[in-house]
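Peer 1: here is my input; please provide its structure:
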Amino acid sequence: MKTWIGVDIGTTNVKATAIDETGETVAHASAACVTYHPKQRYVEQNPDEIYGLFVAVIQQVSEQLRHKNASIEAIGLCSAMHSVIPIDARNRRLTRSLLWADNRSEAQADALKTHPILAKLYPQVGIPAHPYAPLTKMVWFREQKPAVFSKISRFVSQKEYIWYRLFGKFQIDYSMASGTALLDNRRFRWSALAMDYAGINASQLSDLVPTYHQEKLTQRSLAKQLGIPVGTPFVIGAGDACLANLGSGALETGVTTLTIGTSGAVRQTAATPARDPQQRLFTYVLDETHYVSGGPTNNGGNVLEWLSKHLLLKDTSELLAMAESIGAGAEGLLFVPYLLGERAPVWDAHAYGSYQRLQWQHTQAHMARATLEGVLMNLNQIRQIIDSQLNKTRILHANGGFTRSKFWVQLLTDIFNTPVRVNESNESGCLGATLLAMKSLGKLESLEAGVHQYVRFADTYHPDPSQTKVYQKAQREFVKAMAVR
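Peer 2: Numbering: from 1, shown residues only. Presented below is the predicted three-dimensional model:
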């Protein structure tokens, strides 16, 4: 039996999934990541710990495959985007990895927002000015840690760090590079404008390679440690936002993906990059002919966790049941979910959350309903911007932990007034990495063919007209509430 492995190097978990040639999952492993918060606004991980988890999940999957007498054709990589690790001249890391959620560079992002360079930079790189972008963190090192900055030989992401440990090469795929705010993503080269602003040069960034780039693992000791044959091809793959779109089957015009895990995102794939005049959308590279544009939210499933642990003190299943007992619109109660600042659609790290129009009759159940509605209406704002810049959404492909709740998915359908198709598997990043690997090795003629053959769906939900009418009005009120922050 021939198998293909996709590895998703996330910030919550590192996961590996093997599928056979029919698309059936034949092996899976997952390991939880540890995140550090040494100071307020700081969010870090230890790159060596993440590498250890990467090794562990491949070991576990390869062991499962051995018991099934299965061979490994290739391993494709998916990774969370926007991490930053400074490396010295001896290729040693100088700090832990700064994650996308790390907001220490707020002041640098604020300065970029008002700098004249942004009018030229955004059309090149397609990334809004925000502390999630590695560009602003590089400027932070230069301005706030000059002693460290003087020792930095290069900046890398977690994925580049792992790739270097596997192959001894600093290489970055177009997709991960497009998330740095340093890549001219139409010309597939580092932006001189961005590098000059950061105070670095191209030698301090990894070599750019296509997302189909392969390297074969030739280190016998490492291959033995991973439990895979010497010469196994690794395909560098792409960033998680792009591979989630690919793995969820969202390549056709008018198909939009929505993911809610800890955070969330809405994205569309197109042949050209989106460039929102108001700079509210990102654009990442899947490959040279597929761009993924959209908006991420900081506030997804973590908002329900906050409600559970800090406010209502009930478990999430009880909160969902309470919310379901209340009618659409929560009797006028509105919730703006910006508990962790926000990326799209406002791109304001200083934004804050709030309940608005709170009155005597509102109960805990109303608060639960309004909280879920607020998260979804914020995502709907992002969807509307995408529709205006690319193509009108005709169907949503949904994945993430929230799809385990039929009530929550139906709520999404009603608020978006759009049919929702739920992916059978929530491992869209792993599957996307696998499809890229298959295309790289000639197993697939095109990514579209891979989607048709390997992406599967569970249930499809349709809007309830009586509910959507309520939410069309509520959405207009939510937009007004967003402005109060």
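
Peer 1: tell me the SS of the closest residue to residue 156 other than its chain neighbours?
Peer 2: Counting by Cβ to Cβ, 6 or more residues apart in numbering, residue 156 lies nearest to residue 85, which is 5.2 Å off, once chain neighbours are set aside. (Glycine included, C-beta is placed from N, CA and C.) Classification of residue 85 using DSSP: H, G, I helix; E, B strand; the rest coil returns strand.

Peer 1: so residue 85 is in contact with residue 95, correct?
Peer 2: Yes: counting by Cβ atoms under 8 Å, residue 85 touches residue 95, with 7.0 Å between them.

Peer 1: compare these two (neighbour count), which wins?
Peer 2: residue 85 (22 against 15; other Cβ atoms under 10 Å).

Peer 1: ok, that one - contacts?
Peer 2: 47, 93, 95-98, 155-158, 160-161 (Cβ atoms under 8 Å, 6 or more residues apart in numbering).

Peer 1: show me how to select, in ChimeraX, the buried members of those residues.
Peer 2: Selection command for ChimeraX covering only the buried members of the contacts of residue 85, criterion 16 or more other Cβ atoms under 10 Å:
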select :47,96,97,98,155,156,157,158,160,161
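
Peer 1: contacting residues for the closest residue to residue 293 other than its chain neighbours?
Peer 2: With sequence-adjacent residues excluded and distances taken as Cβ to Cβ, 6+ apart, residue 293 is closest to residue 274, at 3.7 Å. Residues near residue 274 by Cβ under 8 Å, 6+ apart: 126, 268, 281, 283, 291, 293, 386, 389-390.

Peer 1: JSON lines for the residues you listed, including distance to residue 37 and secondary structure?
Peer 2: What follows is the contacts of residue 274, written out as JSON lines (distance: Cβ to Cβ, whole Å; DSSP: H, G, I helix; E, B strand; the rest coil):
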{"residue": "126", "distance to residue 37": "30", "secondary structure": "coil"}
{"residue": "268", "distance to residue 37": "33", "secondary structure": "strand"}
{"residue": "281", "distance to residue 37": "29", "secondary structure": "coil"}
{"residue": "283", "distance to residue 37": "30", "secondary structure": "strand"}
{"residue": "291", "distance to residue 37": "34", "secondary structure": "strand"}
{"residue": "293", "distance to residue 37": "31", "secondary structure": "strand"}
{"residue": "386", "distance to residue 37": "32", "secondary structure": "helix"}
{"residue": "389", "distance to residue 37": "35", "secondary structure": "helix"}
{"residue": "390", "distance to residue 37": "36", "secondary structure": "coil"}
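
Peer 1: top of the residues you listed by neighbour count?
Peer 2: residue 281 (28 neighbours).

Peer 1: all strands of the stretch 201-350 of the chain, in order?
Peer 2: Ranges of strands within the stretch 201-350 of the chain are 207-209, 214-216, 233-239, 255-260, 264-270, 282-287, 290-297, 334-336, based on DSSP state E, counting those that start in this stretch.

Peer 1: can you map out the helices along the stretch 351-485 of the chain?
Peer 2: 364-389, 406-416, 428-440, 447-454, 465-482 (DSSP state H, counting those that start in this stretch).

Peer 1: what's the second one in contact with?
Peer 2: The reference is to helix 406-416. With contacts defined as Cβ under 8 Å, 6+ apart, helix 406-416 is touched by 258, 320, 323-324, 328, 372-373, 376-377, 380, 383, 393, 396, 398, 402-403, 419-420, 422, 459, 461-464, 467-468, 471, 475.

Peer 1: could you tell me the angle between that helix and helix 364-389?
Peer 2: Interaxial angle of helix 406-416 relative to helix 364-389 (axes from the mean of the first three to the mean of the last three Cα atoms, to 10 degrees): 50 degrees.

Peer 1: how about helix 406-416: buried residues?
Peer 2: Neighbour-count burial for helix 406-416 [16+ other Cβ under 10 Å]: 408-416.

Peer 1: residue 4: which of the residues you listed is nearest?
Peer 2: Comparing the buried residues of helix 406-416 against residue 4 with Cβ to Cβ places residue 409 closest, at 29.3 Å.

Peer 1: any stretches of the protein with poor pLDDT?
Peer 2: Counting by pLDDT under 70, the chain shows low-confidence ranges at 485.

Peer 1: got the domain ranges for this structure?
Peer 2: 2-241, 248-423+455-485 (automatic domain parsing).

Peer 1: and the ones you listed as JSON lines, adding distance to residue 429?
Peer 2: Output for these, formatted as JSON lines (distance: least, Cβ to Cβ, whole Å):
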{"stretch": "domain 2-241", "distance to residue 429": "4"}
{"stretch": "domain 248-423+455-485", "distance to residue 429": "9"}
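
Peer 1: helix/strand/coil for residue 11?
Peer 2: Per three-state DSSP, residue 11 ends up coil.

Peer 1: identify the residue nearest it in space, chain neighbours excluded?
Peer 2: Excluding the flanking residues, the one nearest residue 11 by Cβ to Cβ, 6+ apart is residue 80, at 4.8 Å.

Peer 1: list the contacts for the one you found?
Peer 2: Contact partners of residue 80, counting by Cβ under 8 Å, 6+ apart, are 9-11, 99-100, 158, 239-240.

Peer 1: go again using 10 Å as the cut-off
Peer 2: 8-12, 14, 33, 45, 50, 97, 99-100, 157-159, 176, 179, 239-241, 429 (Cβ atoms under 10 Å, 6 or more residues apart in numbering).

Peer 1: quick one: buried ones out of those residues?
Peer 2: 8-11, 14, 33, 45, 50, 97, 99-100, 157-159, 176, 179, 239-241, 429.

Peer 1: what bridges to residue 296?
Peer 2: Counting by DSSP bridges, residue 296 forms beta bridges with residue 265.

Peer 1: and it, how close does it get to residue 343?
Peer 2: Relative to residue 343, residue 296 is positioned 5 Å away (Cβ to Cβ, to the nearest Å).

Peer 1: need the overlap of contacts for these two.
Peer 2: Counting by Cβ under 10 Å, 6+ apart, the shared contacts of residue 296 and residue 343 are 100, 130, 132, 263-265, 282, 382.

Peer 1: quick one: which of the contacts of residue 274 is nearest residue 228?
Peer 2: residue 291 (32.6 Å).

Peer 1: for the residue nearest to residue 435 when sequence neighbours are not counted, give its distance to residue 247.
Peer 2: Of all residues not flanking residue 435 in the chain, residue 450 sits nearest, at 4.1 Å (Cβ to Cβ, 6+ apart). When distance is defined by Cβ to Cβ, residue 450 is 10 Å away from residue 247.

Peer 1: compare those two (neighbour count), which wins?
Peer 2: residue 247 (33 against 24).

Peer 1: just the ones of the buried ones among the contacts of residue 80 in helices?
Peer 2: Within these, residues falling in helices by DSSP state H are 50, 158-159, 176, 240-241, 429.

Peer 1: right, I'll call it a day here.
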